[in-house]
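Undergrad: what's the 3D shape of this:
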Amino acid sequence: MIDVLPQVIDVDNLPTKTGYWLGRALVDLLKEHAPYEEARQKLILEHAKKDDDGELATKQQGDIMVYVFDDPEAFNLALKEIADEEIEIKYNPVSIDAFGDAQIKGTVLLKLGRLIKDDEDIPPLTVVE
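TA: So this is what the prediction gives:
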């Protein structure tokens, strides 16, 4: 959610009130996300291999560089423990109508998760054979 909010806030034709609301939600999410990121960085320092210079060892994996871990399973388990912690922000979800005529892809809207409420007046999808 944190990664797509800036994209949505910058969309043309997004109503000002909705953009402001999303901006405030982003600020609160980033504030709540900071302790997670600090803990994640600490886990990387604890579990990553060090090179001969004492720097964190990395390797190329596809198009990105990744850390090399002594025990990847132990790192992943520790990371999962902190990632499973839920953060809570005090925002009521908004209707999809709050986005007005803004051109936002459905996949992006899905990533906003609980910030968007389900509209009860939208009929469920039916399978046509």
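Undergrad: can you give me the helices in this structure?
TA: 5-9, 16-47, 72-83, 106-111 (DSSP state H).
Undergrad: tell me the buried residues in the third one?
TA: Going by neighbour count (16 or more other C-beta atoms under 10 Å), the buried part of helix 72-83 is 75, 78-79. (C-beta placed from N, C-alpha, C; glycine too.)
Undergrad: how many neighbours does the residue nearest to residue 1 when sequence neighbours are not counted have?
TA: The shortest distance from residue 1 to any non-neighbouring residue, by C-beta to C-beta, 6 or more residues apart in numbering, is to residue 113 (5.5 Å). Neighbourhood size, residue 113 [other C-beta atoms under 10 Å]: 10.
Undergrad: is it correct that residue 113 is in contact with residue 3?
TA: No - Residue 113 is not in contact with residue 3 according to C-beta atoms under 8 Å; the separation is 12.0 Å.
Undergrad: good, we can wrap up now.
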